[in-house]
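Enquirer: How does the following fold in three dimensions:
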Amino acid sequence: MTTSPDNKQPFQISGKVVILGMFAFAACMTALMWFYWKMNLAPFLPLQQAIVANQEFAESRPVVEGGRRKGQEDAPNTLRVTMKVDYDPNENLGRIEKLEQTILELAKKSLPQFSEYDQLELNVYWPKQETELTPITAQRITQLK
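Expert: Got it, this is the predicted structure:
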């Protein structure tokens, strides 16, 4: 407890005020996270929706983002797509190449800013069910220019 300098009485805050303050803080943080997420990923939502709309990738949970790595102005402008597959990507390179071509076609159709990107970074992962805790991943980078 703290005391005020005037009368040395302990300063108390009502429990209701503390609880209301906690809820207000949580609501503000949730709104801030939503706003940041919306502003960061909104330009890539059409591609993300196009991937999910494709029946072949309906359960892929894609995340699409783009830009340069922070602090690396000379790095290429990269379009990053991360998605789940239902097979081992390291053993099915033909399927990964076909997936990569499909993603490129969808990106050209659904992203107006596609021409701004220098490369496509495709990250696929396969969460091997009930046998291993770590997912098996593969990464492919395709130069667009």
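Enquirer: List the strands paired with the helix or strand Val124 falls within, with their directions.
Expert: Val124 is located in strand 119-126, with elements delineated by DSSP states H and E. Taking DSSP bridges as the criterion, strand 119-126 forms sheet pairs with strand 78-84 (parallel), strand 136-143 (antiparallel).
Enquirer: Would you mind splitting this protein into its domains for me?
Expert: The chain resolves into domains spanning 2-39, 43-143 when parsed by automatic domain parsing.
Enquirer: winner for burial among these?
Expert: Using mean count of other Cβ atoms under 10 Å, the stretch among these with the greatest mean number of neighbours is domain 43-143 (a mean of 15). Glycine gets a C-beta too; all of them are placed from N, C-alpha and C.
Enquirer: For Leu79, give me the pLDDT.
Expert: We have a pLDDT of 91 for Leu79.
Enquirer: That one and Leu122 touch, don't they?
Expert: No: with contacts defined as Cβ atoms under 8 Å, Leu79 does not count as touching Leu122, sitting 9.2 Å away.
Enquirer: Output the contacting helices and strands for the lengthiest helix in the chain.
Expert: Identified as the longest helix of the chain according to DSSP state H is helix 15-41. In this structure, helix 15-41 packs against strand 63-67, with contacts taken as 3 or more Cβ pairs under 8 Å, 6 or more residues apart in numbering; DSSP states H and E.
Enquirer: Using PDB, write out every CA atom in the helix or strand harbouring Lys98.
Expert: Following DSSP H and E, the helix or strand that holds Lys98 is helix 93-110. Once side chains and other backbone atoms are set aside, the C-alpha atoms of helix 93-110 remain, and they are given as PDB (Å, rounded to 0.1, in the frame of the first residue of the first chain):
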ATOM      1  CA  LEU A  93       9.200 -33.200 -54.500                       C
ATOM      2  CA  GLY A  94       7.000 -33.600 -57.600                       C
ATOM      3  CA  ARG A  95       3.900 -32.700 -55.600                       C
ATOM      4  CA  ILE A  96       5.700 -29.700 -54.100                       C
ATOM      5  CA  GLU A  97       6.700 -28.400 -57.500                       C
ATOM      6  CA  LYS A  98       3.100 -28.800 -58.700                       C
ATOM      7  CA  LEU A  99       2.000 -27.000 -55.500                       C
ATOM      8  CA  GLU A 100       4.500 -24.200 -56.200                       C
ATOM      9  CA  GLN A 101       3.200 -23.700 -59.700                       C
ATOM     10  CA  THR A 102      -0.400 -23.600 -58.500                       C
ATOM     11  CA  ILE A 103       0.400 -21.000 -55.800                       C
ATOM     12  CA  LEU A 104       2.200 -18.900 -58.400                       C
ATOM     13  CA  GLU A 105      -0.800 -19.000 -60.700                       C
ATOM     14  CA  LEU A 106      -3.200 -18.100 -57.800                       C
ATOM     15  CA  ALA A 107      -0.800 -15.300 -56.700                       C
ATOM     16  CA  LYS A 108      -0.700 -13.800 -60.300                       C
ATOM     17  CA  LYS A 109      -4.500 -13.900 -60.400                       C
ATOM     18  CA  SER A 110      -5.400 -12.700 -56.900                       C
END
